[in-house]
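In: Return a 3D structure for these sequence lines:
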Amino acid sequence: MYMKNIIKLICLFVSVTVMSCCTEPEITGPKKDFMTQDVCGIYSTDEALFVYYDLSCQLYHSPTKYSSRILADDLSKYITITFKSDISAGSTVKGSVSLKGLSGSFKDYDLEILKMENGKAWVWNGKNNIGYLIPWGI
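Out: Take a look at the predicted model:
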């Protein structure tokens, strides 16, 4: 009887230990702030660099080319993100970012797909702490 109780306690301890190891790390800082955004655009650590306005911008998504674009109607600014493969929430995919009217372009970066819902993907460039909220699956 005593041995059965010891075995039950050991099993309980092992189960709790295994379950605590499986929890995802808490997202904090700029990445957490970015995940609260709901308008397509580019977000830096503390500001929106370029956001979609339905009266003056267009959204584009090509599932066969694994790309997405946000562009101003007057073509003064745009962002294009092209991935090396299809994306899914929780994955990290190589991709390139092209910008016009904004500084910087990035090629072959590891881009983290934080979440995907409602025709949008939250993409994080951890090297530069920049978030891209893009149309996906529209």
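In: for the record, mean pLDDT for the longest strand anywhere in the chain?
Out: Criterion DSSP state E: the longest strand present in the chain is strand 106-117. Taken as a whole, strand 106-117 has a mean pLDDT of 89.
In: gap between that strand and the chain center?
Out: 5 Å (Cα atoms, centre = their mean, to the nearest Å).
In: got the buried residues for that strand?
Out: 106, 109, 111, 112, 113, 114, 116 (16 or more other Cβ atoms under 10 Å). Any C-beta I mention is one placed from the backbone N, CA and C, and that applies to glycine too.
In: Residues in a beta bridge with the third one, which ones?
Out: Bridge pairing for residue 111 (DSSP bridges) gives the partners residue 93.
In: separation between it and residue 124?
Out: 7 Å (Cβ to Cβ, to the nearest Å).
In: and the closest residue to residue 66 other than its chain neighbours, what is it in contact with?
Out: Leaving aside its sequence neighbours, residue 66 sits nearest to residue 83 (Cβ to Cβ, 6 or more residues apart in numbering; 4.2 Å). Under the criterion of Cβ atoms under 8 Å, 6 or more residues apart in numbering, the neighbours of residue 83 are 66, 67, 93, 94, 95, 111.
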